[in-house]
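[1] sharing a model that was predicted from the sequence below.
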Amino acid sequence: MIALHDLTVAYERHPAVHHVSGAFAAGSLTAIVGPNGAGKSTLLKSVAGLVRPVAGRVERGALGQDRIAYLPQLSEIDRGFPIAVLDTVLLGHWRKIGWHRGVDRDLRAQAVAALETVGLRGFEQRPLATLSAGQFQRVLFARLMLQDAAALLLDEPFNAIDARTTRDLIALVEAWHREGRTVVAVLHDLEQVRRHFPDTLLLARECIGWGPTERVLTPTNLQQAQRMSESWDPQADYCETAVPG
């Protein structure tokens, strides 16, 4: 289980996530949804340990940092680096082998198998810069497979990619769920959430609802989230919990 205890994350002392409490159950499949600027990506980064809270805490139980895999938004990744597809996927082994151990035949075979699973067999030597957005996301999912993490945190994994790739990657996410892994994804498509994600966290900097998707994504909750987002004042007084020391 990954639990949030009164979590507050702030930028320049203005809260991006405000007093959120709840838990992602072990083996759960949860979508994080909400209006633009609701703090969804910030919350995910806090769970991944990339952003420090100013109040509250994230409790990861028995999950060490090496058991959590994080996938950022495509727009945050530079595809201009001169590296081939296979070498990118092999980076998924890094936490297991470190910088000093070489990649043996078995590890390379696992990477090739992962590429085949995501539909990119034969792309091993293609430079990243030559790939479409959908192909690149498939590469990143193949790398996630090699990380073999107990918890996977995905930030807008289906944004700006084609429908076929979305369908294939959702199937992979559902397979991870069946294997008992904890999967948390920031998403925008509510119908996609209703079809594929049993649990949902509806966020508007504060938690509007968290639990079974059909109970969270109600018209009342969605309207409340939108109202809170529209009424948010970036020039409001500082959050007292965000004041250092």
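    Thanks, I have the structure now.
[2] just want the most central residue of this protein.
    The chain has residue 154 as the residue nearest its centroid, 1.9 Å off, counting by C-alpha atoms, centre = their mean.
[3] let's verify the nearest residue to it once chain neighbours are set aside: helix, strand, or coil?
    Among residues not flanking residue 154 along the chain, residue 185 sits closest, at 4.1 Å (C-beta to C-beta, 6 or more residues apart in numbering). Using the backbone N, CA and C atoms, a C-beta is placed for each residue, glycine as well. Here residue 185 is recorded as strand under DSSP: H, G, I helix; E, B strand; the rest coil.
[4] all the helices of the protein, residue numbers only.
    Counting by DSSP state H, the chain has these helices, from start to end: 40-48, 85-90, 94-97, 105-117, 133-147, 163-178, 190-196, 213-216, 219-230.
[5] for residue 204, find the nearest of the ones you listed.
    Checking these against residue 204 by C-beta to C-beta gives helix 219-230 as the closest, at 4.0 Å.
[6] touching, residue 60 and residue 2? I think so.
    Yes - using C-beta atoms under 8 Å, residue 60 is in contact with residue 2, at 5.5 Å.
[7] any common contacting residues for those two?
    Common neighbours of residue 60 and residue 2 (criterion: C-beta atoms under 8 Å, 6 or more residues apart in numbering): residue 47.
[8] mind giving me the domain split of this protein?
    Split into domains by automatic domain parsing, the chain comes to 1-63+150-245, 74-149.
[9] let's have those in JSON lines, adding mean pLDDT.
    Putting the domains of the chain into JSON lines (pLDDT from 0 to 100) gives the following:
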{"stretch": "domain 1-63+150-245", "mean pLDDT": "89"}
{"stretch": "domain 74-149", "mean pLDDT": "89"}
